[in-house]
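Trainee: Would you be able to build a 3D model of this:
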Amino acid sequence: MKTTTFLTFVGDQCGKAEEAINFYTSIFPNSEVNRIIKYTEGEAGGTPELIKYGVFTLNGTEYMVSESNFNHAWSFTPGVSLFVECNSENEIQVLFEKLSSNGGRIMVPLDNYDSGDYGFGKKFGWCEDKYGISWQLNLSE
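Mentor: Below you'll find the predicted structure:
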C-alpha cells in the first residue's frame, strides 16, 4: 500500500497547477515533473490547457495533481498542509521566503523555538503560497 498527496486546483487556482509544479520543482532539491496529461478538447472536467492528471516529485516524495473548471464548493485549506523537515538554517529560511512571497501569506512567522513551544523543532514557520497550498517548515536539528 502507498499513500500520496493529491492536490486539486479548482476555483481561482484552476489553471495555475502547471505554474505551481514548475515553481515547487525549482525550489526543492532532487525534484522533477514526472508526468503531465492534459484534457482533450471537449472532455468533461477541463479544457486542453488544464492538467487532467499530473505527477511530480519534491525531494524524492511523489505528489499528484489535477485541475477542474467545474464549480466546486471547496478549495485548498490550511487545515491540510505539507510539512517539510529542513536540514539547515539556510534551507528553512530560503524555502520559507520563497513560499510565502509574491502573494503568499505568513500564518506563523518563522522563528526560533528553543523553549519547545511547538514540541517538534528549534525553528518553525507556517505559510500559504500564492497558489493556496499551506506549508509548515520545521528545523529539528
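Trainee: Can you list the neighbours in contact with the lowest-mean-pLDDT helix or strand in the chain?
Mentor: Least confident helix or strand, the chain: strand 105-112 with a mean of 90, by mean pLDDT, DSSP states H and E. Strand 105-112 is contacted by residues 78, 92-93, 96, 100, 122-128, 134, 137 when judged by C-beta atoms under 8 Å, 6 or more residues apart in numbering. Every C-beta, even on glycine, is put in place using the N, C-alpha and C of the backbone.
Trainee: try 10 Å
Mentor: Outside strand 105-112, the residues within contact range by C-beta atoms under 10 Å, 6 or more residues apart in numbering are 78, 81, 89, 92-93, 95-97, 99-100, 117-118, 121-130, 132, 134-137, 139.
Trainee: Repeat that for stretch 30-49.
Mentor: Outside stretch 30-49, the residues within contact range by C-beta under 10 Å, 6+ apart are 14-15, 17-18, 21-22, 24-25, 50-70.
Trainee: Mark which of those residues are buried, thanks.
Mentor: Buried members of those, counted by 16 or more other C-beta atoms under 10 Å: 14, 17-18, 21, 24-25, 50-52, 54-58, 63, 65-69.
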